[in-house]
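# the following block contains a protein sequence and its predicted model.
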Amino acid sequence: MNKPELLLLGGHNSGKTHYAGQLYGRLTRQEGCLRLRDEQGTPRDLSAVEGVLDALYMGHAANHTPRDTATEVVLPLQDTRGRALDLHWPDYGGEQLSSIFEERCVTEAWRQRLLKSEAWVLLIRLHSETTYPDELEKLLQRKSSPEGAHTRPTASGGKWDANAYWVELLQLLLHVAGRGTVQRLQRPRLAVLLSCYDEIPEPLATPRQTLAAKLPLLSAFIHSAWAVEEVSIWGLSALGKPLAPTSHDEDFSKYGPEEQGWVVPPEGGEHNKDLTRPLAWLLESL
């Protein structure tokens, strides 16, 4: 029986590298919703996630994945019911997603990932996303002001608004995956992780409300394209605090990275240290 495959979607500096390392650390402790299972046969290459965890044990941030990296870590898992699952975690430079968006084409490796995946994990770092104010509202304010009546509007800059970027990128990826949106999507299941959630000064009661406030167009697209029961939105702080490559954080060194980081569930509420929960939700009906 084929095991379900998950696809991780995260741009440059979205936190996917640290999440992978922290997730592996949680799995080795066997305390969460998902656990590593014992397997006989060829050992799996886990050097990528082990290297991240080693850096965190030293109290500093891991290096970002290089742009041209294209490898895959496969974690053998089982859920609380003992069901075997394989988590395919592609390790790639986040710039690859930007290239797909800019060039409007995907490599064969990406096409195969999209065709095979039954669930997507989408990491979005809200604090670093670029958005622009409502230009119509600014225009009305200028016309109503004597001083502004004779001023020219200013250009917004060269970067795409994050709302338009993510909506168009998701549409492109769905097209390559052969998933139409005429009817609400049942597959791929979608877990949106609002990464580095600790950076947001005043998040709203639930991660869904926080996403809708910051990226309303993206939020509306997701909830119109996917069936209600096939999408969930989580707050994620893989580290619980900022770390730099040169830092020596004592909490990480003394207590271990497994005690750091948390998720906020879709319904809101208290922080939960089980970073496997979003993935367990994805896998529960596959």
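Arrived safely. Numbering: from 1, shown residues only.
# are we agreed that Gly269 is in a helix?
No. Looking at Gly269 with DSSP: H, G, I helix; E, B strand; the rest coil, it is coil, so not inside a helix.
# and it, how many neighbours?
Gly269 has 10 neighbouring residues, counting by other Cβ atoms under 10 Å. Glycine gets a C-beta too; all of them are placed from N, C-alpha and C.
# phi, psi for it please.
phi 100, psi -160 (degrees, to the nearest 10).
# please apply the same query to the one 3 residues further on.
In this entry, Asn272 is assigned phi and psi values of phi -120, psi 130 (degrees, to the nearest 10).
# need the next SSE after the helix or strand bottoming out on mean pLDDT in the chain, C-terminal direction.
Every helix and strand in the chain was compared by mean pLDDT, DSSP states H and E; the lowest is helix 135-144, with a mean of 62. Using DSSP states H and E, the helix or strand that follows helix 135-144 towards the C-terminus is helix 162-176.
# and the strands in the chain?
For the chain, the strands defined by DSSP state E occupy 6-10, 35-36, 70-78, 84-92, 119-124, 189-194, 231-237, 262-264.
# now those as CSV including distance to Gly178 and mean neighbour count?
Converted to CSV, the strands of the chain look like this (distance: least, Cβ to Cβ, whole Å; neighbours: other Cβ atoms under 10 Å):
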stretch, distance to Gly178, mean neighbour count
strand 6-10, 14, 22
strand 35-36, 32, 18
strand 70-78, 21, 16
strand 84-92, 19, 19
strand 119-124, 14, 23
strand 189-194, 16, 26
strand 231-237, 19, 24
strand 262-264, 31, 21
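# which one of the ones you listed has the poorest average confidence?
Of all the strands of the chain, mean pLDDT reaches its minimum on strand 84-92 (a mean of 71).
# okay, which residue is most central for the chain?
Leu123 (1.3 Å; Cα atoms, centre = their mean).
# if that residue is in a bridge, with which residues?
Gly10, Leu193 (DSSP bridges).
# start to end distance for stretch 192-209?
13 Å (Cα to Cα, to the nearest Å).
# now that stretch: buried residues?
By neighbour count on 16 or more other Cβ atoms under 10 Å, the buried set for stretch 192-209 is 192-200, 203, 206-208.
# can you check stretch 257-277 too?
The neighbour-count check on stretch 257-277 (16+ other Cβ under 10 Å) flags 257-258, 260-266, 274-277 as buried.
# repeat that for stretch 246-255.
Within stretch 246-255, the residues that qualify as buried are Asp249, Phe252, counting by 16+ other Cβ under 10 Å.
# now stretch 177-185
Under 16+ other Cβ under 10 Å, the buried positions of stretch 177-185 are Ala177, Arg179, Leu185.
# let's have those in CSV, adding distance to Ala220 and pLDDT.
Output for the buried residues of stretch 177-185, formatted as CSV (distance: Cβ to Cβ, whole Å; pLDDT from 0 to 100):
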residue, distance to Ala220, pLDDT
Ala177, 21, 96
Arg179, 18, 95
Leu185, 15, 96
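# now Glu129: closest residue in space that isn't a chain neighbour?
Ala162 (3.8 Å; Cβ to Cβ, 6 or more residues apart in numbering).
# so the one you found touches His127, yeah?
No. Look at Ala162 against His127 with Cβ atoms under 8 Å: they stay out of range, at 11.2 Å.
# the more surrounded of these two?
Each of Ala162 and His127 has its neighbours counted (other Cβ under 10 Å); Ala162 has more, 21 against 13.
# for the more buried one, give me its contacts.
Contacts for Ala162 (Cβ atoms under 8 Å, 6 or more residues apart in numbering) come out as Glu129, Thr130, Thr131, Leu215, Leu218.
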